[in-house]
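*Asks:* Pasting the sequence and the predicted model now:
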Amino acid sequence: MGDAPHYDVIIIGTGAGGGTLAHRLAPSGKRVLVLERGDYLPRERDNWDSTAVFVRGQYRAPEFWLDKHGREFPPEVNYYVGGNTKFYGAALFRLRPEDFGELRHHDGVSPAWPIRYEDLEPYYTQAEHLYLVHGRHGEDPWEGPVSDQYAYPPVEHEPRIQQLSDDLEKQGLHPFHLPIGVDLTQDGDGRAAHSSVCIRCDRVDGFPCLVRAKSDAQVICVEPALRYPNVEMVTNARVTKLETDGTGRSVNTVVARIAGDEETRYSADVVVVACGAVNSAVLLLASANDHHPRGLANGSDVVGRHYMRHNNLALMAVSKEPNDTKFQKTLALHDWYLGADDWDYPLGGIQMLGKSDADQIHGEAPRWAGAVAPDMPFEVLAHHAVDFWLCGEDLPLPDNRVTLDGDGRIHLALDESNNIAGLKRLRHKLQHMLGHLGMHEHHLLPHSIYLHKGMPIGATAHQAGTVRFGDDPASSALDINCKAHEVDNLYVVDTSFFPSIGAVNPSLTAIANALRVGDHLLERLG
């Protein structure tokens, strides 16, 4: 196709990082080009079909990566405008202040960040307001200080979850309303008001939203940015390489294949990579040249290393009373986030998942054989299901890494036993409380359909850490503004920059950081 015009900024990727950055830069008048590997997600009935989304994996990218033993696995990745936010649960938590410092875990140390919680706090507030986060600061006694309350009230609990919250409080615990990004207006009874975009359905978690009520990056950021005449987007544009000038200090060409085969070369004053932690590392590694023989901006040899993806458990309890909840994702618990009376190390957090339905229960049936009463049909089990998500911190080990082989195939090495002792204790905490929470004490079933049907390594939804930022170029790839130490006009703004991941969903931190980097770029560009 030949050469394209020159831009002020090129952003590669439209997820929580890239999409938000485009939104920040759009009003500046600077010429911005957004390159997205995928297309718009089709709007169709299957968006809300459990079998299509979870069992068939209809929207998952049709590709396979290799583990450290060379075995193929299908990663949990989606290539659409909006990135993985099209399928995320929109749980938008802040990291705790302690997560920005060094934290000792049972299996090692979670390293300190080069910035503090206070540096990101104003951007957390902006991110919460931009992404329509519903919640109430002050309910979680362990959260950090805030400069402003959420702009939207919490999503009210439905009766069974309100009873769960009350029962947890009776145990001396501190449940709080889960912060969630939805375009919801509630009436006096907590129901979706007549004018509400969100209808409080049971499809929020893991499904794309057919009514555009979930705060994904496409709806919140990309489409509003494209209303500005200075912002363009090319879809089905897979960036294959970044080329540098003769000094190696500046990216002068972005090479992309359009619709699979047509190659186009773009240029910009600033190039921003936001492809997701695995694919951002892949792009930098694939861009090796004489000045950067180990990969672009990889003199420290950290690009691709320190991959993290949380230690997660999706679990289903069985309520003694029916659970008629539709919008279940409204409660969280962080009492053991940093430790417990009987454990000196962090355990992690508990939050609600979207409500199970009969199709999901059927999908799990082979794994649950013999685990539930034979006289309880799956439809009845689904009606009594209460679904939990347990999240523990994964540590950034240098050998948990992304590499490319000679054929350009992606390899992901992962120690799946890394720092799981705290998560096991967190599960035991929940298990021992079931009887006090109105649930059958021995029915806490692994709900792997929410993670990955095959190998655990395929659960890549919370991927982070492969292009970490820091003060020392010898141990990090990016500076505190997420600019490459070795390349003057190259930035990375997805979750790749994380030096540690904490034990909460990473999306809000990626969004807040994109706003922070956006302000830096606006100053740089004048």
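*Replies:* Perfect, I can see it now.

*Asks:* that's a strand at residue 27, yeah?
*Replies:* No. Counting by DSSP: H, G, I helix; E, B strand; the rest coil, one finds residue 27 to be helix, located in no strand.

*Asks:* Strands of the stretch 351-500 of the chain, start to end?
*Replies:* Assigned by DSSP state E, counting those that start in this stretch, the strands in the stretch 351-500 of the chain fall at 385-392, 401-404, 410-413, 439-446, 490-492.

*Asks:* elements contacting the lowest-mean-pLDDT helix or strand in the chain?
*Replies:* Lowest on mean pLDDT, DSSP states H and E among the helices and strands of the chain sits helix 358-364, with a mean of 73. Packed against helix 358-364 by the contact rule (3 or more Cβ pairs under 8 Å, 6 or more residues apart in numbering; DSSP states H and E) you find helix 50, helix 378-384. C-beta coordinates here come from the backbone N, C-alpha and C atoms, glycine included.

*Asks:* try 7 Å this time
*Replies:* Applying 3 or more Cβ pairs under 7 Å, 6 or more residues apart in numbering; DSSP states H and E, one finds that helix 358-364 makes contact with helix 378-384.

*Asks:* Not counting the helix it packs on itself, show me its contacts.
*Replies:* Contacts to helix 378-384, defined as Cβ atoms under 7 Å, 6 or more residues apart in numbering, come from residues 318, 319, 322, 323, 356, 357, 358, 361, 362, 365, 372.

*Asks:* Which among those count as buried?
*Replies:* Buried subset of those (neighbour count, 16 or more other Cβ atoms under 10 Å): 318, 319, 323, 356, 357, 358, 361, 362, 372.

*Asks:* The third one sits in which helix or strand?
*Replies:* Element membership for residue 323, per DSSP states H and E: none, as it lies in no helix or strand.

*Asks:* Thought residue 386 was touching it, still the case?
*Replies:* Yes. Taking Cβ atoms under 7 Å as the definition, residue 323 is a contact partner of residue 386 at 5.5 Å.

*Asks:* thinking again about what came up before, can you tell me which of the strands of the stretch 351-500 of the chain is packed in deepest?
*Replies:* Scoring the strands of the stretch 351-500 of the chain by mean neighbour count under mean count of other Cβ atoms under 10 Å gives strand 490-492 as the most buried, with a mean of 28.

*Asks:* And that one, what does it pack against?
*Replies:* The helices and strands touching strand 490-492, judged by 3+ Cβ pairs under 7 Å, 6+ apart, are strand 262-273.

*Asks:* Contacts for the strand it packs on, please.
*Replies:* So strand 262-273 is contacted by 1, 3-4, 6-12, 18, 21, 33, 242, 251-258, 280, 283, 489-493, 521 (Cβ under 7 Å, 6+ apart).

*Asks:* Narrow those to those in helices?
*Replies:* Judged by DSSP state H, the contacts of strand 262-273 include 18, 21, 280, 283, 521 as members of helices.

*Asks:* residues near the closest residue to residue 429 other than its chain neighbours, how many?
*Replies:* In space, and not counting its chain neighbours, residue 429 is closest to residue 336: 6.2 Å by Cβ to Cβ, 6 or more residues apart in numbering. The number of residues packed near residue 336 is 24, by other Cβ atoms under 10 Å.

*Asks:* returning to that earlier point: could I get the strands of the stretch 351-500 of the chain as CSV with mean pLDDT and distance to residue 327?
*Replies:* CSV is the format used below for the strands of the stretch 351-500 of the chain (pLDDT from 0 to 100; distance: least, Cβ to Cβ, whole Å):
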stretch, mean pLDDT, distance to residue 327
strand 385-392, 94, 12
strand 401-404, 97, 36
strand 410-413, 97, 34
strand 439-446, 82, 20
strand 490-492, 98, 35
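
*Asks:* Many thanks, have a good one.
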